[in-house]
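Here you go, sequence then predicted model.
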Amino acid sequence: MRDAILGISASHIEGNLPEDEKFDEYLHRDIKKYFSNIGNNIEIEYELLRKKPTQVGVSLPKYYIWVRVYEKNDRTLITEGVMRVAAVKKQGFDVTNYLEKNKLKSNIEAINDIFPQALHDEIKKRAKL
């Protein structure tokens, strides 16, 4: 039974993750789209907090990312924080949550509600909490 469940989980990951050669392109595109309300003159930097997706049951595979958004011209930091994205149909990523670094200080419990326990220390370290 366990092997059957693992097989379903693996096939769900495979059915949703973009191909390796498109992964970064799609992730960058979709994170930038999420921040489009800031404007078009921005640069995005991100780091995966886990290299592999997190898969629970038949939900969409999730990635956890530390993101920085800069003004393109002078590299002024506009915002940074932790983000959860879901891979969807090999076509890209949906941002499910974004917690800005400065707001984490006043809402530390949000980390517990959204992110796996194994990432809490890393998120707190990056947020300087």
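Received it, and whenever you're ready, just let me know what you need.

Which strand or helix spans residue 86?
For residue 86, the element it lies in under DSSP states H and E is strand 77-88.

Now that strand: buried residues?
If you call a residue buried by 16 or more other CB atoms under 10 Å, then strand 77-88 has these buried ones: 79-88. In this view, the C-beta of every residue, glycine as well, is placed from N, C-alpha and C.

Between those, which sits nearest residue 23?
Nearest to residue 23 among the buried residues of strand 77-88: residue 87, at 8.8 Å, using CB to CB.

So the closest one versus residue 110, what's the distance?
Residue 87 sits 22 Å away from residue 110, taking CB to CB, to the nearest Å as the criterion.

try residue 31
The spacing between residue 31 and residue 110, counted by CB to CB, is 19 Å.

Residue 127 too?
With the distance defined as CB to CB, residue 127 ends up 11 Å from residue 110.

who's more crowded, these two?
With other CB atoms under 10 Å as the criterion, residue 127 and residue 110 differ in neighbour count, and residue 127 comes out ahead with 20 against 14.

Need the pLDDT of that one.
Here the pLDDT value assigned to residue 127 is 92.

ok, what's across the strand from the spatially closest residue to residue 35 that is not a sequence neighbour?
Computed as CB to CB, 6 or more residues apart in numbering, the closest residue to residue 35 that is not its neighbour in sequence is residue 69, at 5.3 Å. Legend: beta-bridge partners of residue 69 under DSSP bridges are residue 44, residue 79.

helices or strands next to the strand holding residue 86 in the packing?
Strand 77-88 makes packing contacts with helix 2-16, helix 20-34, strand 62-71, strand 92-100, helix 101-104 when contacts are defined by 3 or more CB pairs under 8 Å, 6 or more residues apart in numbering; DSSP states H and E.

Next, the buried residues of the last one.
Judged by neighbour count using 16+ other CB under 10 Å, the buried positions of helix 101-104 are 101, 104.

contacts for that helix?
With contact meaning CB atoms under 8 Å, 6 or more residues apart in numbering, helix 101-104 is reached by 79-82, 110-111, 123, 126-129.
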